[in-house]
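J.: this is a predicted model, with the sequence first.
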Amino acid sequence: CSDSTDFYFLHSTCKVVVLLCLVHISVTLVFYVRSLDLRFAFAQNQQSGGSSSSNVSQRNQVQDSRITVKSQPDVKKLEKLGPLRVEFNLPVTFEDTKKANPKVGPGGHYQPPDCVPEQKVAVIIPFRNRDEHLKYWLYYLHPILQRQQLYYTIFVINQEGTGKFNRAKLLNVGYVEALKDDNYDCFVFSDVDLIPIDDRNTYKCFSNPRHLSAAMDKFGFKLPYNQFFGGVSSMSKQQILKINGFPNNYWGWGGEDDDIFNRLVFSGMYVSRPSAEIGKCRMIRHTRDKLNEDNPQRFDRIAHTRDTMRKDGLNSLTYKVVKKETFDLFTEITVDIGKP
Ligand SMILES: *[C@@H]1O[C@H](CO)[C@@H](O)[C@H](O)[C@H]1NC(C)=O
Ligand SMILES: [Mn+2]
């Protein structure tokens, strides 16, 4: 009798042990499969990174040997600087942003009260019909730029009318118009829908043109291709003059940023960038604007930057200022930039 209970006890212990083993194995399996998934997704990402930049393979690229893209050391860590929380679902108004930034003056100007600025920065935003995005941009950027202790003014360059959008020409206009207000020595060019996540990403100029939006969420927080210069960049007055500003004849979407990249490489400069960590930024998701169709001529254009850059740029720029308004958080300049 006692024998059989012993046996019974042994039997159930074995059962428990076997069960535990099974649980262990399945848990291990689940984690293993998950890690495979991750690795697979990563590989896919890598691939799509390579091929979705298909616009690159079609591009007649500047010879690779001429391209040097170097990382420059980021600013020394200042207190309170670091990663931020950036979201686009909270309701944000111009009024609230104004209240939250009492030290920002008319036209969106700020200067640090207790130090002499090393650079005067004009922030140029090419714009049309994106008030929703501009609200978020101002809400996030004003506090960041003040923490970075910059002397700066925000210029929103608004393309009048319903013709095709021309981002690069608006950048030229921003450069020229800002200089009528103050002797800026640094220009930051930012799309209205891009917000940096890390405020150590200083919106100022460096010894070479700087690509500030180095790790966009849209591209999995890395560069879509090495020569990418779109989104947010900064260039000093000297650097801009060296490349004759930006092209005026890219109407519609795409290519103008590649043309700018070519210009600076042909002028003997390279692109500096923050690290992938500090260069992280978020883009506000949106559908393509109606009047910003792909520019079918862009591949041809970027293949000829070397021939066109001396004739087309700041020295051939024409436009008419329609209106200049000084708002609390930014200066808006509405311009007629003509048609293709
Ligand atoms: C290639 O794609 C990038 C990222 O979307 C864009 O900024 C660039 O203008 C495109 N270039 C061309 C030639 O289409
Ligand atoms: Mn966009």
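T.: Thanks, I have the structure now. Ligands and ions are numbered 1, 2, ... in the order given.
J.: show me the helices in the protein, by range?
T.: According to DSSP state H, the chain carries its helices in the segments 2-52, 54-58, 94-100, 131-147, 167-181, 237-242, 256-266, 298-302, 305-308.
J.: and ligand 1, which of the ones you listed is closest to it?
T.: Taking CB to the nearest ligand atom as the measure, the helices of the chain were each checked against ligand 1, and helix 54-58 came out nearest at 3.6 Å. Every C-beta, even on glycine, is put in place using the N, C-alpha and C of the backbone.
J.: and the helices of the chain, which is most packed in?
T.: With neighbours defined by mean count of other CB atoms under 10 Å, none of those is more surrounded on average than helix 256-266, at a mean of 24.
J.: quick one, it and helix 167-181 angle?
T.: Comparing the axes of helix 256-266 and helix 167-181 via axes from the mean of the first three to the mean of the last three CA atoms, to 10 degrees yields an angle of 70 degrees.
J.: and the contacts of helix 256-266?
T.: Residues from elsewhere that reach helix 256-266, judged by CB atoms under 8 Å, 6 or more residues apart in numbering: 59, 62, 66-67, 167-168, 208-209, 227-231, 233, 235, 239, 242-244, 246-247, 250, 270-271, 298, 301-302, 305-306, 309, 313.
J.: dump that helix to PDB, restricted to CA.
T.: In PDB, the C-alpha atoms belonging to helix 256-266 read as follows (Å, rounded to 0.1, in the frame of the first residue of the first chain):
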ATOM      1  CA  GLU A 256      15.700  70.700 -55.000                       C
ATOM      2  CA  ASP A 257      17.400  69.400 -51.800                       C
ATOM      3  CA  ASP A 258      19.600  67.200 -54.000                       C
ATOM      4  CA  ASP A 259      20.500  70.200 -56.100                       C
ATOM      5  CA  ILE A 260      21.600  72.100 -53.000                       C
ATOM      6  CA  PHE A 261      23.700  69.100 -51.900                       C
ATOM      7  CA  ASN A 262      25.400  69.100 -55.300                       C
ATOM      8  CA  ARG A 263      26.000  72.800 -55.000                       C
ATOM      9  CA  LEU A 264      27.800  72.600 -51.800                       C
ATOM     10  CA  VAL A 265      29.900  69.600 -52.800                       C
ATOM     11  CA  PHE A 266      30.900  71.300 -56.100                       C
END
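J.: quickly, which of the helices of the chain bottoms out on average pLDDT?
T.: Ranked on mean pLDDT, the bottom entry among these is helix 54-58, at a mean of 59.
J.: thinking again about what came up before, of the helices of the chain, which is nearest Val86?
T.: When these are ranked by distance to Val86, counting by CB to CB, first place goes to helix 131-147 at 6.3 Å.
J.: quick one: Ile337 from Gly163, how far?
T.: Distance from Ile337 to Gly163, counting by CB to CB, to the nearest Å: 8 Å.
J.: quick revisit: could you flag which of the contacts of helix 256-266 are buried?
T.: 59, 62, 167-168, 208-209, 227-231, 233, 235, 239, 242-244, 246-247, 250, 270-271, 298, 301-302, 305, 309, 313 (16 or more other CB atoms under 10 Å).
J.: from the residues you listed, which ones fall inside strands?
T.: Judged by DSSP state E, the buried ones among the contacts of helix 256-266 include Ser233, Met235, Val271 as members of strands.
J.: and the residues you listed, which is closest to ligand 1?
T.: Distance to ligand 1, by CB to the nearest ligand atom, is smallest for Ser233 among these, at 11.4 Å.
J.: which parts of this protein sit against ligand 1?
T.: Counting by CB under 6 Å from any ligand atom, the chain comes close to ligand 1 at Asn55, Arg59, Pro224, Gly230, Gly254, Gly255, Asp257, Asp258, Arg298, Phe299, Ile302.
J.: can I assume His286 is in contact with His133?
T.: Yes - in this structure, His286 is within contact of His133 by CB atoms under 8 Å, at 7.3 Å.
J.: if I look at the two, which residues touch both of them?
T.: The contact lists of His286 and His133 share Asp193, where a contact means CB under 8 Å, 6+ apart.
J.: how about stretch 181-199: buried residues?
T.: Of the residues in stretch 181-199, those buried under the neighbour-count criterion (16+ other CB under 10 Å) are 184-199.
J.: for those residues, which one is nearest Val121?
T.: When the buried residues of stretch 181-199 are ranked by distance to Val121 (CB to CB), Cys186 comes first, at 4.6 Å.
J.: between Ile337 and Gly163, who's got more neighbours?
T.: Neighbours around Ile337 and Gly163, counted as other CB atoms under 10 Å, are more numerous at Ile337. The numbers are 21 against 16.
J.: check what pLDDT that one gets.
T.: Among the per-residue scores, Ile337 shows a pLDDT of 98.
J.: spatially nearest residue to the residue nearest in space to the middle of the chain, not counting backbone neighbours?
T.: With distances taken as CA atoms, centre = their mean, the chain has Ser213 as the residue nearest its mean C-alpha position (3.2 Å). Beyond its immediate neighbours in the sequence, the residue positioned closest to Ser213 (CB to CB, 6 or more residues apart in numbering) is Gly231, lying 3.2 Å away.
J.: so who does that neighbour touch?
T.: Residues in contact with Gly231 (CB under 8 Å, 6+ apart) are Ser190, Asp191, Leu194, His211, Leu212, Ser213, Met216, Asp257, Cys281, Met283.
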